[in-house]
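> Sequence and predicted model, in that order:
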Amino acid sequence: DSYIEFPVNKYIAYMDELRWYMDKDEVDMNSSMNEIDLIGSRFVSTRPDQDSITFVAPKAKYAMADRTIRTDGVKLIRVADATIYPADEKINVERNAVMTTLTKSRLNANNDLKYHDIYDANIDILAKKKYTASGSYDFEDELGKVQTIKFTKITQDTLGNTIGSGEIEESQNFALSPNFDFKGKVNLFAPEKNLTFEGGVRIVHSCASLNKNWLKFKAPIDPADILIPVDSFPRSMDNEKLMAGLVLVKDSTNVYPFFMKKKKKTGDQEILNSRGYLKFNKANQEYQLTTKEKFGNPELADDYVSMKQANCDVSGEGNLSFGLDLGQVKLQTYGKASHSIATDETRFKATIAMDFFFAPELWKMVEDGIAATSGLQAADVSSSDYKKAMIALLGKEPADKMFKDLASTGTIKKFPDELNHSIVFTNVDMKWNTETRSYVSEGWLSISNIGKTPVNKIIKGKIELVKKRGGDILNFYIELESQKWYFFNYTRNIMSVI
């Protein structure tokens, strides 16, 4: 192919028509050649460090006065992994192969996946595999609302992938969705569809009793399915520790909820907490925090906390810690918890495994008494709550084996060692009583087992867990008949039984 060389500009141009206007000291170049589906002259840089960068223009002028190649009709130019579209279809090449900055132009990256469009861009093309730019990007949320992100720095990584970064100020009132506000940095990586947000996210509600804090995070965000990672030590943008769940005040005066906020006092004791990922459930109109696995399978025993957007009521399920120090009595508790903002009421539905020393012959007396009592209703061992509690206490494998035995024979063939506790109560309805500073059961009690002896009966009784400065107290009472009952009291390392 015939070409003309521009030594000052370090460019050559392949063309089929050239006119020299001597009076104007200009050269016109035209071409109708087909260059990779583009019509025009092919311009190629000969500067070694530009790696033969190429573009096609059907028209061009060369001015002898300033030694500038002015091209027109340039539809696009491919640089690195991006395609750049000059706003006015003009590219000017000055001395030493320097392209003038493209303004108000558009670029798309990358050329294979075409995920990202940037417009109103100022672009400096430096070589075949290198450019820098800044420009605007449309972020579209799940409802189709478009917000503009300004990428102030766009360049390439060491592998030639387009990367970009920008900053969103709080004053911009930017939102990832109607349910999540955002401020901070935004990063673009061309091979990935979703942008990565790094900064603070804030849930949206109007509850005066729950302050709104900015949760620090970094994650790629899919606008159609927003998942915010919440690690084991979530922090605010001010580096304060944040939590989600229920807390018992240090002086045991009340239980309060919190959701992405800090505890009122350092010594306040967590009853329920969760980690994993934060999302907004549109069907339930609530924020949910748990593991990815539990989002996919609610029957898992993973810790879970949710907060209603309308009234900020907090509920959840998982391992419960009642904030008690009972010395030689050990409690392992799993279940559900909920707190109503309107009534300031906290309720639980829990499985409680208790461990303490008690003479085996006395336990045998209790077991025999239950076995001899007629008319006792069987405990529910098929409910979702029961199954999740057993998975939490035993582990999934032993629990699944036990469920299989119960489903096929109605009995447990081999009693799991993991369930061997002094006594295990299931499906216990409890309520926090502010006046007595205690957790008090309501209704009858279901006993799963005493030691390795399965019971699975519903029995009249009561459990009370008391918080006291002088020492926490455990009381529980089970009644078999009007004249046959047992009362257990543990306080200050002494277990008394009547």
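Right, received. Where do you want to start? Residues are numbered from 1 along each chain as shown.

> From now on I want contacts and neighbour counts done on CA atoms only, so please keep to that.
OK.

> could you give me the average pLDDT of stretch 8-28?
On average, the pLDDT along stretch 8-28 is 75.

> now do the same end-to-end measure for it.
17 Å (CA to CA, to the nearest Å).

> If you tally nearby residues, what's the number for residue 414?
Neighbours of residue 414 under the rule other CA atoms under 10 Å: 10.

> actually residue 457, not the one I typed
Neighbours of residue 457 (other CA under 10 Å): 20.

> Return the residues in contact with it.
376-379, 446-448 (CA atoms under 8 Å, 6 or more residues apart in numbering).

> distance of the closest residue to residue 156 other than its chain neighbours from residue 320?
Using CA to CA, 6 or more residues apart in numbering and skipping residues adjacent in sequence, the residue nearest residue 156 is residue 162, 4.4 Å away. Residue 162 sits 48 Å away from residue 320, going by CA to CA.

> same thing with residue 397?
In terms of CA to CA, residue 397 sits 22 Å off from residue 320.

> Adjacent strands (with direction) for the helix or strand hosting residue 123?
For residue 123, the host element (DSSP states H and E) is strand 116-127. Using DSSP bridges, strand 116-127 pairs in its sheet with strand 102-109 (antiparallel), strand 130-140 (antiparallel).

> Give me the contact list for stretch 170-190.
Under CA under 8 Å, 6+ apart, the answer for stretch 170-190 is 109-110, 115-116, 141-143, 147, 161-169, 194-204, 223, 280.

> pLDDT on it, on average?
Stretch 170-190 carries an average pLDDT of 98.

> Could you tell me the end-to-end distance of that stretch?
Termini of stretch 170-190 sit 26 Å apart (CA to CA).

> got the buried residues for it?
174-177, 179-190 (16 or more other CA atoms under 10 Å).

> Widest-spaced pair of these?
Greatest spacing in the buried residues of stretch 170-190, by CA to CA: 179 and 190 (26.8 Å).

> which residues in the stretch 351-498 of the chain form helices?
360-372, 384-394, 396-409 (DSSP state H, counting those that start in this stretch).

> which stretch among those helices comes nearest residue 491?
helix 360-372 (19.5 Å).

> so where do the strands sit in the stretch 201-350 of the chain?
Per DSSP state E, counting those that start in this stretch, the stretch 201-350 of the chain carries strands over the ranges 215-221, 228-230, 243-248, 255-261, 269-273, 276-281, 286-290, 304-308, 314-320, 330-340, 345-355.

> What count of nearby residues applies to residue 241?
A count of nearby residues for residue 241, using other CA under 10 Å, gives 16.

> Against residue 407, how distant is it?
45 Å.

> Show me where the stretch 201-350 of the chain dips below the pLDDT cut-off.
Within the stretch 201-350 of the chain, no stretch has pLDDT under 70.

> go again using 90 as the cut-off
For the stretch 201-350 of the chain, the stretches flagged by pLDDT under 90 are 206-212, 232-233, 249-254, 258, 261-268, 323.

> still on that earlier bit, right, and the residue nearest to residue 156 touches residue 154 too?
Yes - between residue 162 and residue 154 there is a contact under CA atoms under 8 Å: 7.0 Å.

> circling back to that earlier point, out of the buried residues of stretch 170-190, which one sits closest to residue 71?
Using CA to CA, the buried residues of stretch 170-190 come closest to residue 71 at residue 190, 28.9 Å.

> and the closest residue to residue 115 other than its chain neighbours, helix, strand or coil?
Of all residues not flanking residue 115 in the chain, residue 193 sits nearest, at 5.6 Å (CA to CA, 6+ apart). Of the three states, residue 193 takes coil under DSSP: H, G, I helix; E, B strand; the rest coil.

> Please verify my assumption that residue 193 contacts residue 112.
No - counting by CA under 8 Å, residue 193 does not reach residue 112; the two are 11.9 Å apart.

> neighbour count winner among the two?
Using other CA under 10 Å, the more surrounded residue of residue 193 and residue 112 is residue 193, with 15 against 10.

> hang on, residue 71 is in a strand, isn't it?
Yes - under three-state DSSP, residue 71 sits within a strand.

> what's the spacing between it and residue 279?
51 Å.

> what does residue 388 give?
The value you get for residue 388 to residue 279, if CA to CA is used, is 22 Å.

> Neighbour count: these two, which is higher?
residue 388 (24 against 20).

> which non-adjacent residue is nearest the more buried one?
Using CA to CA, 6+ apart, the closest residue to residue 388 is residue 301 (4.9 Å).

> show me what contacts the one you found?
Counting by CA under 8 Å, 6+ apart, residue 301 has contacts 294, 318, 388-389, 391-392.

> mind putting the residues you listed in TSV, distance to residue 312 included?
Below are the contacts of residue 301 laid out as TSV (distance: CA to CA, whole Å):
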residue	distance to residue 312
294	22
318	19
388	26
389	26
391	29
392	27
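
> Which of those lies at the shortest distance from residue 125?
The closest of those, once distances to residue 125 are taken by CA to CA, is residue 294, at 48.2 Å.

> Can you tell me, leaving aside adjacent residues, what's nearest to the closest one?
residue 300 (5.7 Å).

> what sits against the residue nearest the centre of the chain?
Residue closest to the average C-alpha location in the chain (CA atoms, centre = their mean): residue 228, at 2.3 Å. By CA under 8 Å, 6+ apart, the contact list for residue 228 reads 217, 219, 221, 277-279.

> By neighbours, which of the residues you listed wins?
residue 278 (22 neighbours).

> wait, that residue sits on residue 227?
Yes - taking CA under 8 Å as the definition, residue 278 is a contact partner of residue 227 at 5.6 Å.

> related to what we said a few turns ago, list the residues that contact the residue nearest to residue 294.
Here residue 300 is in contact with 293-294, 388 (CA under 8 Å, 6+ apart).

> got these as JSON lines, with distance to residue 354 columns?
Listed next are the contacts of residue 300 as JSON lines, based on distance: CA to CA, whole Å:
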{"residue": "293", "distance to residue 354": "29"}
{"residue": "294", "distance to residue 354": "27"}
{"residue": "388", "distance to residue 354": "18"}
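
> any idea how far residue 152 is from residue 125?
16 Å.

> For these two, work out which one has more neighbours and name it.
residue 125 (23 against 16).

> Quick check: beta-bridge partners of that one?
So, taking DSSP bridges as the rule, residue 125 has residue 131 as bridge partners.

> burial measure for residue 343, as a count.
Other residues within reach of residue 343, judged by other CA under 10 Å, total 7.

> Same question for residue 65.
Other residues lying near residue 65 total 9 when counted by other CA under 10 Å.

> Same check on residue 260?
25.
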